[in-house]
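[1] Fold the following and give me the result.
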Amino acid sequence: MKLSQYNYNFTADMLAKYPAECRDESRLMVLNRKTGKIEHRVFKDVVDYFKPGDIFTFNDTKVFPARLYGNKEKTGAEIEIFLLRELNRELRLWDVLVDPARKIRIGNKLYFGDDDLLVAEVIDNTTSRGRTLRFLFDGDYDEFKAALFKLGETPLPKWIRTKVEPIDDERYQTIFAKNEGAVAAPTAGLHFSKHLLKRMEIKGIHMAFLTLHVGLGNFRTVDVEDLTKHKMDSEQVIIPQQTAERVNEVKNAGGKVCAVGTTVMRSIESSVSTDGRLKPFEGWTNKFIFEPYEFSVANCMITNFHLPYSTQLMMVAAFAGYDLLMDAYEVARTEKYRFGTYGDAMLIL
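    Okay, here's the model as predicted:
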């Protein structure tokens, strides 16, 4: 498959700027891979497609306030910092993206907050926009982290809205978010409400959790026509023993194993035994899934409607089948489904 095959008729008005009023009342397209049938439902109807003993696997990563605004020393020029990854807790080293990057050089000091609450020194260049910062702060680690997060802003992608609003603090986070470390939300999980999870529990549908800390690499532009030459950035994954056992029990019993989102699917496919069973795992993955690909564990998935040329679109096309998915996207366009992070959802059976 080539990059150019993952374009479709997309216009900016298809992109959701805000989430549905209630998490579980976004629209749901149900796509059957065997029959090609498409149904149009509301997301809370998703339980109708599962039986007692089936299992949903969720990503319980928690988004942290990764975007900071500050000023460069001497010139006072405004700068934006996007925190990517904490490198060293004791030394307070972070990998970040800076904007504008061309004037931010090694040795520069950057100031954040009223009375310059935080100061950071640039100590390395990592990519064209990437830098390593050492934060200078008089206080213990907990005080430093509190100051960092106080100054930080919810890292809502700017292609949704340029300005973060109070609603985003709650809605750009799943209700089961637990393990802090993501700079972007696992969007398929945003559709689940406490009421919906309770209904699933009452019906006897199992739930299991893993963690993939979503990084900006998940949204990095693919700039090569030959997809085999694209490299995904590594992201941290933790699959607990209990999750692996519960998923394998359902798989062995012939039940539905539903991956909630592309991050869950990528995590699962990064730790599979030779006989197609999920293995516990703690490490990093840079797995890039596109057609042709044979999936090992999950036999259904929930996902949002993804943007053209995105790696998420490529993975979903590999799972659903390229032609079937592209036909479904055309239906979604004509039926005015909402695309993107805050958009509607698709259940692929």
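[2] Run through the helices of the stretch 101-250 of the chain in chain order.
    141-151, 166-171, 194-203, 241-252 (DSSP state H, counting those that start in this stretch).
[3] Least confident of these, on average?
    Of all the helices of the stretch 101-250 of the chain, the minimum mean pLDDT falls on helix 141-151 (a mean of 90).
[4] want to throw the helices of the stretch 101-250 of the chain into CSV with mean neighbour count and distance to Gly181?
    C-beta: built from backbone N, CA, C; applies to glycine. CSV is the format used below for those (neighbours: other C-beta atoms under 10 Å; distance: least, C-beta to C-beta, whole Å):
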stretch, mean neighbour count, distance to Gly181
helix 141-151, 15, 13
helix 166-171, 14, 18
helix 194-203, 14, 22
helix 241-252, 17, 17
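[5] Can you list the low-confidence ranges for the stretch 151-300 of the chain?
    218-219 (pLDDT under 70).
[6] gap between the two ends of stretch 104-115?
    By C-alpha to C-alpha, to the nearest Å, the extent of stretch 104-115 from end to end equals 21 Å.
[7] With stretch 301-309 instead?
    For stretch 301-309, the end-to-end distance is 20 Å (C-alpha to C-alpha).
[8] Any idea how far that stretch is from the middle of the chain?
    How far stretch 301-309 lies from its chain's middle: 11 Å, per C-alpha atoms, centre = their mean, to the nearest Å.
[9] which other residues reach it?
    3, 6-8, 10, 46, 187-188, 191, 221-222, 258-262, 264-265, 312-313, 316, 319, 329, 332, 337-341, 343-348 (C-beta atoms under 8 Å, 6 or more residues apart in numbering).
[10] Kindly give a single ChimeraX line that selects the buried subset of these.
    Buried residues within those, by 16 or more other C-beta atoms under 10 Å, are selected in ChimeraX with:
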select :3,6,10,46,187,188,191,222,258,259,260,261,262,264,265,312,313,316,319,329,332,337,338,339,340,341,343,344,345,346,347,348
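[11] Which ones among the contacts of stretch 301-309 map onto strands?
    When DSSP state E defines the strands, the subset of the contacts of stretch 301-309 inside them is Cys258, Ala259, Val260, Ala345, Met346, Leu347, Ile348.
[12] Generate TSV for these, with distance to Cys300 as supplementary columns.
    Formatted as TSV, these follow (distance: C-beta to C-beta, whole Å):
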residue	distance to Cys300
Cys258	5
Ala259	8
Val260	10
Ala345	13
Met346	11
Leu347	7
Ile348	6
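[13] about what we covered before: looking at the helices of the stretch 101-250 of the chain, which is closest to Lys74?
    Closest to Lys74 of the helices of the stretch 101-250 of the chain, according to C-beta to C-beta: helix 141-151, at 20.9 Å.
[14] helices and strands around that closest one, which ones?
    Secondary structure elements in contact with helix 141-151, counted by 3 or more C-beta pairs under 8 Å, 6 or more residues apart in numbering; DSSP states H and E, are strand 118-125.
[15] How far off centre is the strand it packs on?
    27 Å.
[16] Pull out the buried residues from it.
    Leu118, Val119, Ala120, Val122.
[17] Report the angle between that strand and helix 141-151.
    Going by axes from the mean of the first three to the mean of the last three C-alpha atoms, to 10 degrees, strand 118-125 is angled at 90 degrees with respect to helix 141-151.
[18] Now do strand 118-125: everything it contacts.
    Contacts for strand 118-125 (C-beta under 8 Å, 6+ apart): 70, 81, 93, 104-112, 131-137, 147-148, 151.
[19] hmm, try it at 10 Å
    With C-beta atoms under 10 Å, 6 or more residues apart in numbering as the test, strand 118-125 has contacts from 68, 70, 72-73, 81, 87, 91-96, 98, 101, 104-113, 130-138, 144, 147-148, 150-151.
[20] for Ile175, phi and psi?
    phi -70, psi -10 (degrees, to the nearest 10).
[21] cool, Asp24 as well?
    Per degrees, to the nearest 10, the backbone of Asp24 is at phi -90, psi 20.
[22] Then Arg67?
    Backbone phi and psi, for Arg67 under degrees, to the nearest 10, turn out to be phi -100, psi 130.
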